[in-house]
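Engineer: dropping the sequence and predicted coords here.
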Amino acid sequence: MEYINLVPKSYVTKTTTRVINSGYLYDTAGSIENIYDGNVDTYYQETIRHGGDGYAEGSLTFDAVWTKPKKIYRVYVYSTQGTYGGNYKESYMVFTIYLRISGNWISIDEWAKNEPGFGSNYWGWRTYERNLTTGWDNVTGIRHRQYGYSYSYEGDRQQFVKFRFHEVQCYREKWAEIFRIAKGGSVVRLGRSEVLAGNKLRTCKGTSIYAVPLVDTDDPEASAVRIYDGSAVKSIVLAD
């Protein structure tokens, strides 16, 4: 089975949310598109700074949401966080992945770490990478959140927390082309699925039998081809 990253789709809404508990926004770098461009070397970055004795603390969250539930087969996240502080530095990091399942945000992975060993007057970095393949139904969004805290006093009297989001990817099955139709002088490509269970409409290509997925007529992936499935009018899905 082939999969496709749902996050870059045009009908998916992408947003970032910043919370600063102590300090102020020091800088930003990159663009939100870097979070789902398929390149772990690019990123979107925000930095919180606090001056004097005390701490920098806050969080950054990336959300990608869509309207119609999808079955998700794989989630991939790659992000990094750095902290800096003066003498007697203490720092704490939390990385969390959520899926919006049946309307509720549910945590599917979390890594939290107290980092006293990073050292004073020194940048310490951690990488968070997850490739999760459990499989989840009725998903309408993915969220990745980083929380960071850096405390110190004396020495270099400043503290930083730097959030970097490299990749947030959420994969559904790819709708491979099974046939085409002509509409108003243009060609419309219709999709098929390897998953037969739950799909009533099927077609044969060579020696293989494929399902032709049916979606709600207002689904962003719906074609203009309509069919009655025995209970409601549905649309054949567009090929990716």
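Structural biologist: Alright, I've got the coordinates.
Engineer: sketch out the low-pLDDT regions of the chain for me.
Structural biologist: 117 (pLDDT under 70).
Engineer: need the longest strand for the chain.
Structural biologist: strand 54-72 (DSSP state E).
Engineer: chain center to the helix or strand harbouring residue 150: distance?
Structural biologist: According to DSSP states H and E, residue 150 maps onto strand 136-152. Put simply, strand 136-152 sits 9 Å off its chain's centre (Cα atoms, centre = their mean, to the nearest Å).
Engineer: return the set of buried residues in the helix or strand following that strand.
Structural biologist: Using DSSP H and E, the helix or strand that follows strand 136-152 in sequence is strand 158-173. Within strand 158-173, the residues that qualify as buried are 158-173, counting by 16 or more other Cβ atoms under 10 Å. (Glycine included, C-beta is placed from N, CA and C.)
Engineer: of all the residues you listed, which comes closest to residue 77?
Structural biologist: residue 168 (5.4 Å; Cβ to Cβ).
Engineer: that closest one contacts residue 38, doesn't it?
Structural biologist: No: counting by Cβ atoms under 8 Å, residue 168 does not reach residue 38; the two are 11.1 Å apart.
Engineer: how far does stretch 111-129 sit from the chain's center?
Structural biologist: Counting by Cα atoms, centre = their mean, stretch 111-129 comes out at 23 Å from the chain centroid.
Engineer: how near is the residue nearest the centre of the chain to residue 13?
Structural biologist: Centroid-nearest residue in the chain, with Cα atoms, centre = their mean: residue 168, separated by 3.6 Å. Distance, residue 168 to residue 13, using Cβ to Cβ, to the nearest Å: 13 Å.
Engineer: what is in contact with those two at once?
Structural biologist: Residues touching both residue 168 and residue 13 by Cβ atoms under 8 Å, 6 or more residues apart in numbering: residue 64.
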